[in-house]
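Participant: when you get a sec, could you give me coordinates for this:
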Amino acid sequence: MSMTDPIADFLARLRNGIRARKREIVCPRSHMKLRIAEILKNEGFVDSVIAAEDDKSGTITVTLRYDGRTHNAITGLRRVSRPGQRKYVPAKQVPRVRNGLGIAVISTSQGVMTDREARKRGVGGEILCEVW
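Facilitator: The predicted model follows:
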């Protein structure tokens, strides 16, 4: 069965895994989801990302990060640009998420990157999601 919005599915799996206090989540692999997961790892929102090759497509295993037993590293996730309503921003209007406490994941002509990287490089693009 084909999925309308694989990125929203990935974010929902993350959100549901956090709410259920899962140690890790597994989702179907794609280049975009793998890049988003790597950004979350580099920014300290998740512990590890493992991409496994299976028969056809493969899977991504994301180990979630918790601070002790009560708090998780990801407080909130939001899909910004959706298939029905794309959200593009020029370089000068790249948003700050929660006054710099969160990140926006942006797909640019130079690849998928955080809002800070996009501002540093002076590029705009499609805002995929926000994480705080």
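Participant: contacts and neighbour counts: CA atoms only from here.
Facilitator: OK.
Participant: how does this protein divide into domains?
Facilitator: Dividing the chain into domains by the TED database, as the record does, gives the ranges 6-72, 77-131.
Participant: next one: the first one to chain centre, how far?
Facilitator: Chain-centre distance of domain 6-72: 8 Å, with CA atoms, centre = their mean, to the nearest Å.
Participant: repeat for the last one
Facilitator: Computed by CA atoms, centre = their mean, the chain-centroid distance of domain 77-131 equals 11 Å.
Participant: just the helices from this structure, written as ranges.
Facilitator: With helices called from DSSP state H, the chain shows them at 6-19, 31-42, 115-121.
Participant: lowest average pLDDT across the domains of the chain?
Facilitator: Set side by side, the domains of the chain give their lowest mean pLDDT on domain 6-72, at a mean of 94.
Participant: how much space between the residue nearest to the spatial centre of the chain and residue 58?
Facilitator: Closest residue to the average C-alpha location of the chain: residue 36 at 4.0 Å, with CA atoms, centre = their mean. Residue 36 sits 16 Å away from residue 58, going by CA to CA, to the nearest Å.
Participant: same question for residue 70.
Facilitator: Noted for residue 70: a distance of 32 Å to residue 58, by CA to CA.
Participant: same thing with residue 128?
Facilitator: Relative to residue 58, residue 128 is positioned 22 Å away (CA to CA).
Participant: please say which of the two ends up with more neighbours.
Facilitator: residue 128 (22 against 13; other CA atoms under 10 Å).
Participant: was I right to think the more buried one contacts residue 104?
Facilitator: Yes - taking contact to mean CA atoms under 8 Å, the distance of 7.4 Å between residue 128 and residue 104 places them in contact.
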